[in-house]
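Novice: Quick one: sequence and predicted model below, then my questions.
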Amino acid sequence: MIDPGNPAVKTVFDQLQEQENKNPLSRLLKSYVNSRSDKDGADAVRYVKQNQITGPVAQEAFAVLSLFDDEDDIADEITGCLLANSKAREALALQISKQPTMTWRTLWDRGDDSVDGIIKTLLDKKLWSVDQQRVQSLRDIFMLALAELMHAGLEHPDRAMKTIARLLAIESSNLQGIIDPDGFDVILSSLDMRLPQSLRSQAMLATAKLLEQSPENAQKLIAKYVTAKVEEHTTEDLILAFCAAAAVFPLSPASASALFLAEGFLPTFTTLVQAKKSQTLELVALTLLKAAAGADRACREGIVKHCQGWLGAVVNITPSSKRSNLASLVLIMISQNEHKDTRAGTDPSATVSDTEDIQNLEPLVSNFQRNLMGDDATSRQDSIEGLAYASLKPQIKFQLTRDLDFLKRMVKVMSSDKPRSTWFGGLTVFKNITAYLPLQTEEQQKMSELKAYANTSKPAKIDPLDKDDAVTRRCKKVLAADIVVLLVLCSKQATPATMQLIAEIMLSLAKEQKHRGTMAQQGAVKCLFQISSSHALPESARPAAHALARILISTNPDHVFGSSNLPLTSAVRPLGSLLNGKRKPR
């Protein structure tokens, strides 16, 4: 149009057209950046996902997208896809090293995938010719993310916290000295249980890494934060203090316990909470007590002395099932305190009924059973955790298994639990219910008697509800609730600790010969083969092999191997492994 007859113009025009034909992605992105049309953006996303992008094309496309400075899901998705390419990350690395603030600002505004691309680029050492340059860029971006987190009313705090947590998790040694008390306060404030789980989980990771990196300094900062908030005495400050303290308990039990047991705190704890008349503060206070009760004996004794009456009132009076459930859980936890086992002559390896304890526990257990089918995931998890503690008592084991409908409901809840948050606690309940008392050798029996005589008392008697015939009846009920189907399901995505529970439950169920055929029909054999053959699960392999041996000795091999893809010889290795150890199956 400028000069159609001019050969020089035509040559340049042809060259430009040829270049665009070679790199249609650049043309698509330019069109999208100019039009901001969803259709143009969708075309660009489709092209990126369906085509192999070369390095030069990715770099050019990334340069075009650099002109886009707004938050946009499509631009963010395209950026994330492009930064999967190492050449595009090379271009980003160069950009970060030259202009860290502007690069961060542009990609921060664009979205999560773009910020993830920054993190991947900083952690990919191959992209940087000089590591010192990478470390400086790492520190620059870390400080920019921390500054974002300090902005009041930030729209995407989880985006900044994720950057901080991931960089700390991998590069903490290169980030020394950046976080000051104000920065630590912002991270601890992000442990507030009212905030989204996505933000809190990242704040927890960041706190854990800071405690690992500099434990003494981190503990001092945490103590200073919690103490200052408690001294303010406002409802908001107390919520923040209790949330932070509860979150720190599993990360640093000793330092958290010292704060919890600090002079003057527990004696005024319940009075302070009740005076504020805040349901949120009450819930947070109960969460703190739960964390403390799981820490050590001293914390449990402190709760018994100063908080037990209030906990009982919450269970009986509060209209909130969530708070009532949590208070019940804390009461269950403190009921397991060691001072109950210090009576002279008691053998801690034996189980003895305590009528008073059972009378206090039974209504709490009934409360957990009712709340198990509620809509609130946290209450369900608390209920199962409470049952895991309570089911150590023989009478509670009997209470749970006399209700087959409850067992079936529990199996159903665990089977439909996608986050798997109830699996470990639920399997612990079933493990406690089905566990037989360990066999004692003649020598061990004599040692127990000698210990009792040394304490001038009689040896502790075994509760009738924990004798073999009673356990077998419980196993029969659990088997009728389709527990094996649940165990097979759990084994497909289980952690080593969960797999250990699965193997132990299977071993207990297989003790009774009449149970073995049902177990085989429901898929127990294949599951046990997988566990007993796994080198990654040494603790689970032996009980799994024992359970397998019990089932196979009582089951027609044609029924086990004929209807499956398992070769007959697959039983040799797990069964042979039992010959190498001295421990006998129970």
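Specialist: Noted; the coordinates are in hand.
Novice: Quickly find the element holding the closest residue to Pro181 other than its chain neighbours.
Specialist: With sequence-adjacent residues excluded and distances taken as Cβ to Cβ, 6 or more residues apart in numbering, Pro181 is closest to Leu221, at 5.8 Å. C-beta here means a position set from N, CA and C on the backbone, and glycine is covered the same way. Mapping Leu221 onto the secondary structure by DSSP states H and E places it in helix 215-232.
Novice: Go through that helix and flag the buried ones.
Specialist: 218-219, 221-223, 225-226, 229-230 (16 or more other Cβ atoms under 10 Å).
Novice: Pull the most distant pair out of these.
Specialist: Ala218 and Val230 (18.6 Å; Cβ to Cβ).
Novice: What residues does Phe406 make contact with?
Specialist: Phe406 is in contact with 369, 372, 400, counting by Cβ atoms under 8 Å, 6 or more residues apart in numbering.
Novice: where's it relative to Leu400, distance?
Specialist: Distance of Phe406 to Leu400, given as Cβ to Cβ, to the nearest Å: 7 Å.
Novice: List of residues touching stretch 304-316?
Specialist: Stretch 304-316 is contacted from outside by 266-267, 269-270, 273-274, 282, 286, 289, 303, 323-324, 327-328, 330-331, 334, 337, 364, 367, using Cβ under 8 Å, 6+ apart.
Novice: ignore the last one, stretch 222-238
Specialist: Contacts to stretch 222-238, defined as Cβ under 8 Å, 6+ apart, come from residues 181, 184-185, 188, 240-241, 244-245, 248, 252, 255, 258-259, 262, 265, 272-273, 276, 278, 280-281, 284.
Novice: do the same with stretch 164-183
Specialist: Defining contact as Cβ under 8 Å, 6+ apart, one finds that stretch 164-183 is touched by 119, 122-123, 135, 138-139, 141-143, 145-146, 149-150, 187, 202-203, 205-206, 209-210, 212-213, 221, 224.
Novice: Same question for stretch 45-61.
Specialist: Here stretch 45-61 makes contact (Cβ under 8 Å, 6+ apart) with 23-26, 28-29, 74, 77-78, 81-82, 85-88, 90-91.
Novice: mind running it again at 7 Å?
Specialist: 23-26, 28-29, 74, 77-78, 81-82, 85, 87-88, 91 (Cβ atoms under 7 Å, 6 or more residues apart in numbering).
Novice: Widest-spaced pair of these?
Specialist: Those two in these that are separated most widely, counting by Cβ to Cβ, are Ile74 and Lys87, at 21.9 Å.
Novice: circling back: show me the contacts of stretch 222-238 that map onto helices.
Specialist: Residues of those located in helices (DSSP state H): 181, 184-185, 188, 240-241, 244-245, 248, 255, 258-259, 265, 272-273, 276, 280-281, 284.
Novice: Just the buried ones from those, in ChimeraX syntax?
Specialist: Typed into ChimeraX, the line below selects the buried ones among these, using 16+ other Cβ under 10 Å:
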select :184,185,188,240,241,244,245,248,255,259,265,273,276,281,284
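Novice: measure the residue nearest to Pro181 to Lys209 for me?
Specialist: With Cβ to Cβ as the criterion, Leu221 and Lys209 are 14 Å apart.
Novice: Next: Leu507.
Specialist: In terms of Cβ to Cβ, Leu507 sits 39 Å off from Lys209.
Novice: try Pro438
Specialist: Between Pro438 and Lys209 the distance is 40 Å, computed by Cβ to Cβ.
Novice: neighbour-wise, which of those two wins?
Specialist: Per other Cβ atoms under 10 Å, whichever of Pro438 and Lys209 has more neighbours is Lys209, with 22 against 8.
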